[in-house]
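Novice: Could you look at this predicted model? Sequence included:
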Amino acid sequence: MEFDFSKIEEEVKKFWDQENVYRVEPDPSLPKYYVLDMFPYPSGAGLHVGHPLGYIASDIYARYKRLKGFNVLHPMGYDSFGLPAEQYAIQTGQHPKITTDKNIETFRAQMDKLGFSFDWSREVRTSDPAFYKWTQWIFIRLFHSWYNCKTDRAEPIESLILEFAQNGNAGVDAVSDQVSTFSAEEWSNFSAKQKSDILLNYRLAYIADSWVNWCPALGTVLANDEVKDGVSERGGYPVERKLMKQWSLRITAYAERLLQGLEKIDWSDSLKESQRNWIGKSEGCSVRFEVNGEGGTPLHRRGDGGEEDTLNVRKPGGYLTGEKSLGSILRDNARENRQAPTEAEEMLWQNIRNRKLEYKFRRQHPVANFIADFVCLQKKLIVELDGNDHKQNKEYDHERTRELERLGYKVIRFWNDEVLKNLSGVLSKIRDELKARPDLLTPDPSPEERGIDPSSPEKLFIEVFTTRPDTIFGATFITLAPEHELVGKITTPEYKKQVDEYVHYAKNRSERDRMADVKKVTGQFSGAYVEHPFSGKPIPVWIGEYVLATYGTGAVMGVPGHDERDHRFASHFGLPIVSILKDVDVTEKSFDDKQGILANSDFLNGLEVKDAISKTIDEIEKKGIGAGKVNYKLRDAIFGRQRYWGEPIPIYYDEASIPNTVEENELPVVLPEVDKYLPTETGEPPLARAKDWKYKGKFDYEHTTMPGWAGSSWYYIRYGDPHNQNEFASQKAINYWQNVDLYVGGDEHATGHLLYVRFWTKFLFDLGLIPFDEPAKKLVNQGKIQGRTLLINEELVQNPRTQEIVYHAFLSDGIKGKVSQYKLDGSFYTRQTQWPIRPPLISYVDKDREILYEENLKKAIEENGDIAFKKESAQKIEWLIESETNKKYIKLSWAPDKMSKRYGNVVNPDDVVTKYGADCFRLYEMFLGPIEQHKPWDTKGIDGCFRFLKKFWRLFNNEEGKWLVNEEEPTKEELKILHRTIKKVGEDIESMSFNTCVSAMMICVNELSQLDCHKRKTLEPMLLLLSPFAPFISEKLWQQLGHKESIVKAKFPQHDESLLVETSFEYPVAVNGKTRVKMNFDLNLSNDQIEKEVNSAEALQKYFEGKTPKKVIVVKGRMINVVV
RNA sequence: GCCCGGGUGGUGGAACUGGUAGACACGCAGGACUUAAAAUCCUGUCGCCCGCAAACGGCGGUGCGGGUUCAAUUCCCGCCCCGGGCACCA
């Protein structure tokens, strides 16, 4: 038979389908093995050659494990909710389900061509109601759970309610946002709404005002991991911080376990490191500094009670959300503004307060992250007054207006003068607007309505978090974040103006601005002092934007001697810098290392840093001014998305606006149909458009949907029992298949999916629903296959003063280095650059030879004009070229780059398969190098694999299609070749070193061809070795050998070590480390005998240069080294 | 800045716990078969030196500079470069 791969692949595929060879069921008599690929999102672009890399690797491994006698679960499905389909829906009006289904079809067709051994009967799709029913079910479980620090696990909320009813919350040790305590009696007297609000502070799924990453362009919030460098990961749109009511998951409860769990799983170092970074644990200590007035007069706490949280001592496993403290900052600020209204503000206020215009107005009220001058919440109407300085803030105000409008507010503005001169006109305009706006029945309660406002005189403390408590005697100042809630309270009157200005400045800088110039030192003295808890000395309190409000307590003790940032701050403002380590000078530079002997530190003197840290914590705890404390960077995961194409959150709101979960027997909450996939006019998410979509016909459903990572956080469990209608998976399936043995996927999911799936797994484990607490024992990150981007080398000679380009040339790759001779004159400078050739220019390039002909470039310029360089320079083009047959051209260089449709460098696997076959494609992708490594796609090397397959085929069939296999006994040499290969391939598959497997098989086939060996007894085992890599051709040849059952069901050969034993070895003999000659010795000879022979060896005498060898080192079976 | 990876021919890459650096493959050069091409096969291919040439031989060589060792791509110290993660995280 002829080697016609497309016919073979077609035939074999049919055979597999008929025989259902990849179907698996639990079988207690066999050991299981679970190989999983990361869930693909079915994008419209289909697969490119980079995608299947991981699938091929996992498929080889799965097939190998099957041959080794394991019952292998190897499923595939689709993460089919997601933004791109929805963006497309918004543009075209087409339902995302239609697009998604179509894309899935393309994906499936592409995957089918590649010969994967997936059990497709187990396919799941996250957007399938039968699947997301259980995603919703798990959400409900999260909602009805809290994290008990005493037992260090999640528990049903009922146990907490019981505790509240019996003992109040004082004895509860939970990860929560609850700050105030209450007794059992108080609990019983709380209204249903109050109880609900309190429980939300404990639930693992909760709704609360949180600072979120709002992406206006996508119209949704994003999780932290979906934001990179201030822009959205998908699409690259700007993201801003915003305070919103949001569903979140309390992943922070699991911070420590997520960190510890990394120790026991076999994942790559870099991935574990990313997760560790993301969790960001730091151990240290909180310290409270008492605030004194200048003259030692204590300042008194004023304002909000219920805010003692900044002073709280950490409960194990707990943490403090910085975002929450920002909320109170806004409120504080609002309160201050209220006390100093302008004349116009006051006048307007007197005329609209107390429902003078029928509706209740509030002044200086926080809305999102702004403070509105006046707002009517019932009508979502904001009235802003602008002074004369308004012009400077025009842009800012514009932004703010847009943002508020997005939230459904209407903003109207008046000038101060208008109010003063034409009050009645202003009032009637406001009245008109009020009339025109729809009524909102449940206005948000104001902070005053929500909280209590006892103004009991109390001492003020600043609490800091530090990882270096040992440096406490080196603290020469305290710095507060500008947003810190104490800023307004401690600032002394004479510094009020400067502080206000500074805070205003700092607040108006965006995150990105701050990130951009971190080196810039800014700050402001508050006038206040705190008392050093040990020395009693006064320490000034500063405000500086280098302190983050969201980390720790939003305040630091400035230790300029031993913290680089503090040193910069202190040097800039002339604050004292002291060293607390013996013989360490810190005047120029801080000494941040945790080593040395303490000095200038009272009771710490003479101690090592490490001992000093624990000693200090002891003392601090003894004094009751702080405690050892652990901080995590990890934040709770925002779970709601203002999007259509996602799982509905199974929550409805009752008459009292209390969130309740939908009855389990009513799941799934099916995604309703909507007329448009856009937010409503009032800024509600798209689900608000759904007609008559009410729970039990009357209650509002939650309108946000779940994020993309919801379904993928547990899908691997579903594969074990994908069609179960009564449970998320049966206990039988879960107990048999357990967790994933080998998980293959990209490292871009390090801090997203892979953290969330671990979180959900631990949660389900806590509830006793699964018997394991990690999703995957071993995880391999496949590298990306990069595209090739062609680069053009360009040189400019430029006049530095006029910037005029006087000379401009494209350089051929080979003569890049020779440009200096073309410099015109010393006063000009040359610049060499390379830029990528992208569409449309790419179409003018001879891609096979990677050259650009002069005529084509000229044509490109003519047809497209300004392609990638300035016209004027294009006219000055000169050439440093190579030429062949009088045709001028530039040889281009290239570099690996992202494979992307936009860059015109995408290679479609279908094309490769058509040309070389799937087997060859699989083999080549593996042959390219280690799977974890990123590597550029280059079709040039694929011929080698193609030749190998043909050669392999020709061991069975000759060119005329004649069958060559015979039944002769293999020779010893042939057996040795075979068994060496079996050993090598077996070992290398185990260690996932697939490239060397392919090499080993190539060597084997080369050798067998050389020996003209066509013996069944050598070829049949070879076929089994090849079958995980090239399943089609292997199956075909297997059939030709006369087997009726698929090769998939066969057994992997076992190598026979005895056949590999060599009797002698050709030793390289080195003299003084340099290999000189080769000598053959029997492996049974003793080292002494070899030494004797070597010493007298004729061939070596000349290297001894007459000296006698001092020593002979013999490494058995390796080499011999003679020392002279 | 900190933390992880990594740096080997023209290219992708190989080298077990320190033991013949460059396996295997691509590309290139030459040759065989052929009217020719494709396909296939054979030979050579790290650099430099000696040499008409080949065999043979010599020297250097795994980012750079040191060190340990009989022996270093591998271990140690110091640096440079590339990729990735985190980033005023106290």
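Specialist: Yep, it's here.

Novice: wait, what's in contact with residue A:754?
Specialist: By CB atoms under 8 Å, 6 or more residues apart in numbering, the contact set of residue A:754 is A:271, A:275, A:779. Where C-beta positions appear, they are placed from N, C-alpha and C, glycine not excepted.

Novice: Show the pLDDT at it.
Specialist: Residue A:754 carries a pLDDT value of 92.

Novice: Is it in a helix, a strand, or coil?
Specialist: Put simply, residue A:754 is helix when judged by DSSP: H, G, I helix; E, B strand; the rest coil.

Novice: follow-up on the earlier one: next step: the contacts of residue A:754 restricted to helices.
Specialist: Per DSSP state H, helices hold the following members of those: A:271, A:275.

Novice: which of the residues in the host helix or strand of residue A:1077 are buried?
Specialist: Here residue A:1077 is covered by strand A:1074-1082, with elements defined by DSSP states H and E. Neighbour counts over strand A:1074-1082 (16 or more other CB atoms under 10 Å) mark A:1076, A:1077, A:1079, A:1081 as buried.

Novice: Now for the last one: which residues touch it?
Specialist: Spelled out, it's residue A:1081. A:1064, A:1065, A:1067, A:1090, A:1093 are the contacts of residue A:1081 under CB under 8 Å, 6+ apart.

Novice: Would you map out the domains in chain A?
Specialist: A:32-138+A:709-785, A:282-324+A:455-631, A:341-450, A:786-897, A:1062-1123 (automatic domain parsing).

Novice: Could you point out which of those sits nearest residue A:251?
Specialist: Across the domains of chain A, residue A:251 has its closest neighbour in domain A:32-138+A:709-785 (4.9 Å, CB to CB).

Novice: Nearest to RNA strand B: which residue in the stretch 201-350 of chain A?
Specialist: residue A:282 (3.0 Å; CB to the nearest atom of the strand).

Novice: which secondary element of chain A has the worst mean pLDDT?
Specialist: helix A:447-450 (a mean of 35; mean pLDDT, DSSP states H and E).

Novice: next SSE after it?
Specialist: strand A:461-466.

Novice: what about that next one, average pLDDT?
Specialist: 90.

Novice: my guess is residue A:992 meets residue A:781, correct?
Specialist: No. Using CB atoms under 8 Å, residue A:992 makes no contact with residue A:781, being 11.2 Å away.

Novice: anything in contact with each of the two?
Specialist: Contacts common to residue A:992 and residue A:781, judged by CB under 8 Å, 6+ apart, are absent.

Novice: Quick check: phi and psi at the closest residue to RNA strand B within the stretch 951-1100 of chain A.
Specialist: Nearest residue of the stretch 951-1100 of chain A to RNA strand B, counting by CB to the nearest atom of the strand: residue A:1073, 3.2 Å away. Torsion angles at residue A:1073 (phi, psi; degrees, to the nearest 10) stand at phi 90, psi -10.

Novice: For it, which non-adjacent residue is closest in space?
Specialist: Among residues not flanking residue A:1073 along the chain, residue A:1121 sits closest, at 6.5 Å (CB to CB, 6 or more residues apart in numbering).

Novice: Distance of that neighbour relative to RNA strand B?
Specialist: 4 Å (CB to the nearest atom of the strand, to the nearest Å).

Novice: residue contacts, that residue?
Specialist: A:1069, A:1070, A:1071, A:1072, A:1073, A:1112, A:1113.

Novice: how about the residues of the stretch 801-950 of chain A near RNA strand B?
Specialist: A:927-930, A:933-936, A:938, A:940-941, A:943-948, A:950 (CB under 7 Å from any atom of the strand).

Novice: among those, which are in helices?
Specialist: Per DSSP H, those map to helices at A:927, A:943, A:944, A:945, A:946, A:947, A:948, A:950.

Novice: Let me have the residues you listed in CSV, adding neighbour count as columns.
Specialist: Below are these laid out as CSV (neighbours: other CB atoms under 10 Å):
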residue, neighbour count
A:927, 22
A:943, 12
A:944, 14
A:945, 25
A:946, 18
A:947, 13
A:948, 22
A:950, 14
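
Novice: quick one: which of the residues you listed is nearest to RNA strand B?
Specialist: Out of those, the member with the shortest distance to RNA strand B (by CB to the nearest atom of the strand) is residue A:944, at 2.3 Å.
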